[in-house]
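Participant: just need the structure, nothing else, for what follows:
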Amino acid sequence: AEVTKYVANAFLAPRITFINEMANFCEAVGADITKVRLGAATDPRIGLYYFNPGCGYGGSCFPKDVQALLRTAKANDYPLTILETVDRANDRQKLIPFEKIVDRFSGDLTGRTVAIWGLAFKPKTDDMREAPAIAIVEKLLAGGAAVRAYDPKAEAQARRVFGDRVVFCERAYEAAVGAHALVIVTEWNEFREPDFAKIKGLMRTPAVFDGRNVYEPRVLRELGFHYEGIGRR
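Facilitator: Next up is the predicted model:
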């Protein structure tokens, strides 16, 4: 029963990692992962379930169960090479938005303010366990950036993680005030149709880094935003 539970979750983790890797590949060659995934998913053997690219998975099951399998395999002298790669690849994927921000500002985040929308590992929860936001925020802080963050449910949990190193805001728009960049880390429904004109007026520089491909790039670029998603050049 224990192995069955681990295998079920460990099967889905590579699926997420695969579409993330393909998103990075699409970006490198000039394709659009949002169109590629729809085409691939027409194959009934594939489908769209757990087939959304983004900035990595987190939570209480996938990371823990993959790592538990890896530890058990090591203790029994049987390497699980696929899951070893999945674990490393997911850690890298979490930092894709951070790397894009660093590139945008020529490697220097000193004095920059970054707004984070979404801290929980997925919508409709306050769970911060292994959340991509933790990796992103820690790297931003280490790079000298100030961070303003908003999440509808996870603020209390996030305060336990970051303490007073992050400014926590009561509203999404408040987080964007004075920001040089806005990062979408968790795809809460309230983030899907914001007032972009208002956001642009609040930000110091209108740059959006969409870690969940929530927005249409053309729309934001026509509004004067610098926009970068995952797997969408």
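Participant: for Gly54, give me its contacts.
Facilitator: With contacts taken as CB atoms under 8 Å, 6 or more residues apart in numbering, Gly54 has the following neighbours: 20, 93, 132, 187, 211-213, 230. The way it works is simple: take the backbone N, C-alpha and C, and place the C-beta from them, glycine included.
Participant: and what about it, helix, strand or coil?
Facilitator: Here Gly54 is recorded as coil under DSSP: H, G, I helix; E, B strand; the rest coil.
Participant: where exactly do the strands run in this protein?
Facilitator: 113-117, 146-150, 167-168, 181-184, 207-210, 226-228 (DSSP state E).
Participant: how about those strands in TSV, adding mean neighbour count?
Facilitator: Formatted as TSV, those follow (neighbours: other CB atoms under 10 Å):
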stretch	mean neighbour count
strand 113-117	27
strand 146-150	22
strand 167-168	18
strand 181-184	27
strand 207-210	25
strand 226-228	18
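Participant: same list, the ones you listed, but as a markdown table with mean pLDDT and distance to Gly201 please.
Facilitator: Below are the strands of the chain laid out as a markdown table (pLDDT from 0 to 100; distance: least, CB to CB, whole Å):
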| stretch | mean pLDDT | distance to Gly201 |
| --- | --- | --- |
| strand 113-117 | 98 | 14 |
| strand 146-150 | 98 | 16 |
| strand 167-168 | 98 | 19 |
| strand 181-184 | 98 | 13 |
| strand 207-210 | 98 | 14 |
| strand 226-228 | 97 | 16 |
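Participant: redo these as JSON lines? Include distance to Leu83.
Facilitator: Output for these, formatted as JSON lines (distance: least, CB to CB, whole Å):
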{"stretch": "strand 113-117", "distance to Leu83": "29"}
{"stretch": "strand 146-150", "distance to Leu83": "31"}
{"stretch": "strand 167-168", "distance to Leu83": "35"}
{"stretch": "strand 181-184", "distance to Leu83": "28"}
{"stretch": "strand 207-210", "distance to Leu83": "28"}
{"stretch": "strand 226-228", "distance to Leu83": "29"}
